[in-house]
Each structure stands twice: as structure tokens, then as C-alpha cells.
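In: one predicted model, sequence on top.
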Amino acid sequence: MDVRTRARHLLWTLVGFSIVMTSPRAQEAPNEVDRPILVRRIVSSDYREAGFAQTHLPILLSRSMNRAVRVEKDATVSQILKEQFNVVQGITPQVYEEIEAHVSRLNGLEDLSKDLKAGSMLKLPDLPRGAEVAFDPNLQVPAQAQRSFSSNWNAQLFAFTDRPRFAANVSATAKTELQIRFVPQSFLKSLELPRSTASLGELNEQYLPGEESMPLTLADTLAPPAQGAWLAPAEVVSLRAFLARPAKTRPLVVIFDDSFPSQKDFSNAARFVVEASRTIRSKFGLQDAAHADSPALLQLANQQGTMFCDEDCEYPKLKLHSAMIRRSLSELSDLDPNGRVEVIYLPVNLAQTYAKQMLSEILRVTFLADSVTAGLVLTTEAGGTCPANVPRGKPDYEKVDAVVNHILSAPKLDLALRPYQPGDVMMAQTDRALVDAVVNFLWLYSMATRRPHFLSMSWTAPNLQYPALFRTNGYGLWLSAAGNEPGVNVHLALRQFAARSSDPGDVLAVTNVSCDSSTLLADPAIPVLGFSFPGRITPSLCGTSFSAPRIAWLLAAREAIKGESIQPCSLSWTQWRAAKHTKLRGLQDAAQAGQGRYATTVWKLIEETPP
């Protein structure tokens, strides 16, 4: 995999959205203000190469935003293009002529050599400066990308008027640039953006915007009373015996939901984030003497507790959606006194005390990792590096802090928790930046600690306007509830993230066999990674919100007892998720899959003979 491809694989986006926890359809949130929106892309800097210029430079130019420079007295177009893009007519004639023609069109000037006027603003494409050629064949070209930042958008000129600010200590031979730009939200309508269904290959060198705010609805279906207990007495005995076996791995189940369901769960989450942040930053070199624990992390490490919706809101009152999920897992976790499976609850927004510090740290760590692009290098337990022989990138600490603060200032992220009332629809708000950050934070943690993770998202969202990119080849599995709308097919309606369960998807979708549920594809020609599982927790509360975390817990239990520890950067590491998907599809009943039904059992998931 070349430098450019590796850098693209590490790119992930920050788009806000709300989620529907189980059934009702979310309503689009209106744009309240034309606030600056973060837009990012990885773009090639090696466009001076002849082959690139012939095949791709026109496309790259057409996809680039503009920046404007003031024309100095006696300036010439050749001087401007050399200074801005490192292109010279006598050395790179084809590239020079292509860019010059593009600049002429941008400014409506027929002859740049004659029509330039001192003091005027000349619009240019927002391209990186062309990479220098490394003439020494033994000179290693840095794997990391250059990074640049622009924020002064001029609506009249339709261009940035500030010169991009670059990160320090990056060689001029870097072949890619991570461009971070802030533009008004209204401007996104005029910008060519990738579709939400775009493949990774289609996202090359396209801007990926952040902060698409959408409401999230946390609600479940009222259904007829359950018939009998979920687990029979003989199953309880067998499952307890299974969990008493020696552990081979230390899996983590992360419930990403509306809140912390109890003070104990909050304390566990705070301890986890503090330990995970320090481990990730140490193992990946994302800290130095001047940039160690952040103020947010230090506050989190010394916390005294969080708050709840009222004095009578903790589990088992089931006034918070996460408390309902905790109840759905209690029958399993009560059988696990040795803690084979660790469960952590993380909040989707800032409603609870210390949630801001927690999510701020998760954002910060993932942005630090992102800022070094392909220079992300792990120090292994044996003292080596992974990947080997790759220069470690230097994070942009100051820029990262500014971006984190911007993301957490998004509207409605700190709305008060709304307690559940019978028949009510629970509402909350999140930002896609937070979803991406949690996913990638867990990717980094699993790589640094060799602990597999299982992320359960008990909600759905309407089709996202912009695509989400998660890091590939991770030591973890992501699960998403399909929702409780029997008339809705999650793949046809593009419900996120359950819609990403169709081949070659990266999410396991979960429907419900206990009550009404949304459906999955029934086309046998299109494989779906999905299961249907019991999801009732009381006579009146039933939904895929409770099915998904149960499957996540059972898959983690199976991994604890039967899994094998994975070595980062080994073949088993890169293939773990693909192998897990293949095994899970093998557990599906072929006849059921052909009908779009994927019912499974505890014993199939942990690969044990039923009692």
C-alpha cells in the first residue's frame, strides 16, 4: 500500500447527527446558525509528476476550493504559480499550463500575463504546494502527510483569503497533504461532496464535511407481555460454567448510548478513558514533555461523580435508555462474577457532568492520531515498532485542541437528559464527530493493548448526508440495532449504521425476535451480516436496543474463552475482523437468510452445545 493510500485509509470525518434508539423516525434538525463547519481531505502533493498531471490533475483542480492572493506590484503569473505551487513552465510545462488555464477560468481573464493588476485579488485553486522530488534514491520519503489549515472564508470572493497555515517539521517531499478548512454551513450546498454511499475509493481527494446535526430519538416498542423467562434454568447453569473457564483474552463491550446508567458505571468509564488515553498516547508517541495529560483528562481523573436526570433516576428505575440497556445485560453479567467481559458505558453527548471532559479526551486522542496521518507508529511490547521502518509523525497539539473545542461547541450537544415516561419518545442529540471518535479511539486502544472490543450502538439514524469512515483492520466488531419499524428495511432506507451490514459492510445489524422490528435484505445474492435475537426486558419494554448489546456481550464472552490473542501488524491482526465476519455468516441459517430472517441463539453465538 503506497503512502497516499495509507494516508487516505486513516482519514475519518466529523459529521453531527442524531440517532433513533429503536423505533420512531428522527426529524431533521433545522440549521439554526450559519456556523463554521469543519471540512477535511487528504490530497496529493505529487501532482508535478507527469503521469499524475496527464490523468488526474484536471479532476483534482475541479474538486478544489479556491483561495485568493493579493497581486503585488510587478508580480507575474509565473512568479505566483512558482511560489504557491512549486511549478515552473520550463521544468513542469504540462502542470504549469493546466494550472494557469484553471486560474484564468477562475478569474475570467483571457491572458494572465497581460491582465494582472497590482492590488487585485487573484483566485487560485486550494492545492498543496507541489512536492519536491527526492533525487537521492536512498532518501526515505516521509510517510506522513503535510498538514495545513485555513479558516478565513470570503463569501464575495468565494475563496479563502488567509494563506494556509502549515504544521512544522514535515519534509517538502511529503506526497500528501491533510487539508483542514472551515467554511460556512451554507457553502456546503455549492461544494461537490461525496455521496453517503460512496466507497472508500470514490472518496479520494474529496472534501469530507463535519457536523451534520440531527436529533436522536431513544425509544422502544410497547409489546404484549413476555411468555416465560429469557434463559431457562439449565441454560443459566451452562452459561455460568462456560464463563468460569480460564480466559484467553480480555474483551471489552462498549455501550455508546444516552448516558451513564449509574455512578458505578460512570466511575468505570472515567477510569477506562483515563487509562486508555495514557496507554494510546504512550504506545503511539502522541505526547511529549510539554503535551502529556490534558486539563480535561486531569479533571476526569479526579472526578467525584456525575449527575442523573433526577434523584430517582438510577438503575433499576429505567428512566434513562442506558439504564434499560443495563437491565437487558443484567441476566448475562450476573453470571460473570470473574469479569470475563468488561462493560463500559460512554455518552453520546455532554448532558451529564464530566461527559464533556470524557468526550473531549476521546476526540483529542483520535485527532492526535489522525494528525500524524500515515506516520502513526505503535511501539510493541518487544520494543519494536509497528509498522516497521516508518518514521513517526509529530502531532499538531495546538491545532487539535482548537478543533476539539470547535466540535464540542456544536448546538444542542449539552441539552438536559430527558427521563423516560411510559409511551414517551426519548430525545437526545449527538454529533457524528463523536461517533467517529469513539470508534477510532477503540481501534487505537485495542491495537495498543491487544484487547478486542465490541461496540454496541442501540439506535438508528436516517441516511447520513455524508459518509462516515472508520479505521480498517481493527481488533473489534461494531454492532447496530436495526430499529423497531416493521415497515422499514434498513438497507433500502439506509438507516445508519445498521445499513452498513450488507456486503462488504463493516457493521453487524441486529433485529428482534421478541417484538416488531425493522427488516434486513432478503436477497440471497447480497450477503448481510446480521442476526435476530430476543430483546424484551419488561412486559412493556421490547426492542432491538436490547437485542444488540446482548449479542455484543455474548460475542465478547466467546472471545474471552475461545479467542486467541492477536499481534498488531501481523496477518492475524489485519484479517481478524474479516475472519470474524466470515465465521458469523457461517452461523446464519441459509433458509432464514433467504427470507431476510437471521434468528440465532446464545449457543450459536458462543459456539457451544445447548444444554
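Out: Ah, there it is. Numbers count the residues shown, from 1 in each chain.
In: residues contacting the longest helix along the chain, please?
Out: Longest helix in the chain by number of residues, with DSSP state H as the criterion: helix 263-284. Applying CB atoms under 8 Å, 6 or more residues apart in numbering, the contact partners of helix 263-284 are 260, 286-287, 292-293, 297, 300-301, 303, 305-306, 314, 322, 326, 343-346, 352, 354, 358, 361-362, 364-365, 368-369, 376-379, 441, 444-445, 447-449. (Glycine included, C-beta is placed from N, CA and C.)
In: in three-state terms, label the closest residue to residue 107 other than its chain neighbours for me.
Out: Counting by CB to CB, 6 or more residues apart in numbering, residue 107 lies nearest to residue 123, which is 5.4 Å off, once chain neighbours are set aside. Classification of residue 123 by DSSP: H, G, I helix; E, B strand; the rest coil places it in strand.
In: count of residues packed around residue 123?
Out: 20 (other CB atoms under 10 Å).
In: is it in a bridge, and if so with what?
Out: Beta-bridge partners of residue 123, counted by DSSP bridges, are residue 68.
In: ok, it - contacts?
Out: Per CB under 8 Å, 6+ apart, neighbours of residue 123: 66, 67, 68, 103, 106, 107, 157, 158, 159.
In: ok, residue 399 touching residue 148?
Out: No. Applying CB atoms under 8 Å as the test, residue 399 and residue 148 come out as separate, 9.9 Å apart.
In: surely residue 526 touches residue 501?
Out: No. The criterion here is CB under 8 Å, and residue 526 misses it with residue 501 at 10.4 Å.
In: what do the two both touch?
Out: If you check residue 526 and residue 501 against CB under 8 Å, 6+ apart, no residue is contacted by both.
In: SS state for the most far-flung residue of the chain relative to its centre?
Out: Distance to the chain centre peaks in the chain at residue 114, reaching 49.1 Å (criterion: CA atoms, centre = their mean). What three-state DSSP gives for residue 114 is helix.
In: what about it, distance to residue 77?
Out: According to CB to CB, to the nearest Å, residue 114 and residue 77 sit 10 Å apart.
In: tell me which helix or strand the residue sitting nearest the centre point of the chain sits in.
Out: Centroid check for the chain by CA atoms, centre = their mean gives residue 436 as the closest residue, at 2.0 Å. Secondary-structure assignment from DSSP states H and E places residue 436 in helix 432-449.
In: elements contacting that helix?
Out: In terms of contacts (3 or more CB pairs under 8 Å, 6 or more residues apart in numbering; DSSP states H and E), helix 432-449 is packed against strand 252-257, helix 263-284, helix 355-371, strand 453-457, strand 476-481.
In: kindly reformat these as CSV containing distance to residue 561 and mean pLDDT.
Out: Output for the helices and strands packed on helix 432-449, formatted as CSV (distance: least, CB to CB, whole Å; pLDDT from 0 to 100):
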stretch, distance to residue 561, mean pLDDT
strand 252-257, 14, 97
helix 263-284, 22, 96
helix 355-371, 29, 95
strand 453-457, 14, 97
strand 476-481, 16, 95
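In: turn the ones you listed into a markdown table, columns for mean neighbour count.
Out: Formatted as a markdown table, the helices and strands packed on helix 432-449 follow (neighbours: other CB atoms under 10 Å):
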| stretch | mean neighbour count |
| --- | --- |
| strand 252-257 | 26 |
| helix 263-284 | 19 |
| helix 355-371 | 25 |
| strand 453-457 | 27 |
| strand 476-481 | 27 |
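In: can you say which of these is nearest to residue 188?
Out: Of all these, it is helix 355-371 that lies closest to residue 188, at 20.9 Å by CB to CB.
In: quick one: mean pLDDT for the very next helix or strand once past the closest one?
Out: Per DSSP H and E, helix 355-371 leads on to strand 378-379 as the next helix or strand towards the C-terminus. Mean pLDDT, computed over strand 378-379, is 94.
In: strand 378-379 pairs with which strands, parallel or anti?
Out: Strand pairing for strand 378-379, determined by DSSP bridges: strand 385-386 (antiparallel).
In: show me what the partner strand is in contact with.
Out: Strand 385-386 has contacts (CB under 8 Å, 6+ apart) with 377, 378, 379, 380, 392, 568, 569.
In: give me the element residue 101 is part of.
Out: Residue 101 belongs to helix 93-107, assigned by DSSP H and E.
In: average pLDDT across that helix?
Out: Averaged across helix 93-107, the pLDDT comes to 90.
In: that helix packs against which elements?
Out: By 3+ CB pairs under 8 Å, 6+ apart, helix 93-107 packs against helix 50-55, helix 57-63, helix 77-85, helix 112-115, strand 121-125.
In: how about the helices in the stretch 501-611 of the chain?
Out: 544-562, 571-586, 590-594, 602-606 (DSSP state H, counting those that start in this stretch).
In: quick one: residue 130 and residue 46 touch, right?
Out: Yes. If you go by CB under 8 Å, residue 130 and residue 46 touch, sitting 7.5 Å apart.
In: comparing the two, which shows the higher neighbour count?
Out: Under the criterion of other CB under 10 Å, the comparison of residue 130 against residue 46 puts residue 130 first, with 23 against 19.
In: check contacts around that one.
Out: By CB under 8 Å, 6+ apart, the neighbours of residue 130 are 45, 46, 47, 48, 85, 86, 87, 92, 95.
In: give me the nearest residue to the third one, chain neighbours excluded.
Out: So the one you mean is residue 47. Among residues not flanking residue 47 along the chain, residue 57 sits closest, at 5.3 Å (CB to CB, 6+ apart).
In: low-confidence regions, the stretch 301-450 of the chain specifically.
Out: Nowhere does the stretch 301-450 of the chain drop to pLDDT under 70.
In: can you rerun that using 80?
Out: Within the stretch 301-450 of the chain, the segments meeting pLDDT under 80 span 308-311, 315, 373-374, 418, 421-428.
In: end to end, how far does stretch 244-251 reach?
Out: This stretch, stretch 244-251, spans 15 Å end to end (CA to CA, to the nearest Å).
In: so which bits of it are buried?
Out: For stretch 244-251, the neighbour count (16 or more other CB atoms under 10 Å) marks 247, 249, 250, 251 as buried.
In: coming back round to it: just the buried ones from the contacts of strand 385-386?
Out: Judged by 16+ other CB under 10 Å, buried ones among the contacts of strand 385-386: 377, 378, 380, 392, 568, 569.
In: could the residues you listed be laid out in JSON lines, adding distance to residue 465?
Out: As requested, these are exported to JSON lines (distance: CB to CB, whole Å):
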{"residue": "377", "distance to residue 465": "34"}
{"residue": "378", "distance to residue 465": "34"}
{"residue": "380", "distance to residue 465": "40"}
{"residue": "392", "distance to residue 465": "35"}
{"residue": "568", "distance to residue 465": "34"}
{"residue": "569", "distance to residue 465": "35"}
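In: which one of these is nearest to residue 243?
Out: residue 568 (27.3 Å).
In: residues touching the closest one, list them.
Out: Residue 568 touches 378, 380, 386, 447, 450, counting by CB under 8 Å, 6+ apart.
In: from those residues, pick the one nearest residue 484.
Out: Nearest member of the contacts of residue 568 to residue 484, counting by CB to CB, is residue 447, at 34.9 Å.
In: and that closest one, how far from residue 395?
Out: 17 Å.
In: neighbour count winner among those two?
Out: Counted by other CB under 10 Å, residue 447 and residue 395 do not tie: residue 395 has more neighbours, with 27 against 24.
In: does that one touch residue 371 like I think?
Out: Yes. With contacts counted by CB under 8 Å, residue 395 reaches residue 371, the gap being 4.9 Å.
In: from the contacts of residue 568, pick the one nearest residue 610.
Out: Using CB to CB, the shortest approach to residue 610 within these belongs to residue 450, at 31.3 Å.
In: got a list of what the residue nearest to that closest one when sequence neighbours are not counted touches?
Out: Excluding its sequence neighbours, the residue lying closest to residue 450 (CB to CB, 6+ apart) is residue 565, at 5.6 Å. Residues counted as contacts of residue 565 (CB under 8 Å, 6+ apart) are 248, 249, 450.
In: could you tell me which of the contacts of residue 130 count as buried?
Out: For these, a burial check counting by 16+ other CB under 10 Å picks out 45, 46, 47, 48, 85, 86, 87, 92, 95.
In: nice, that's everything, thank you.
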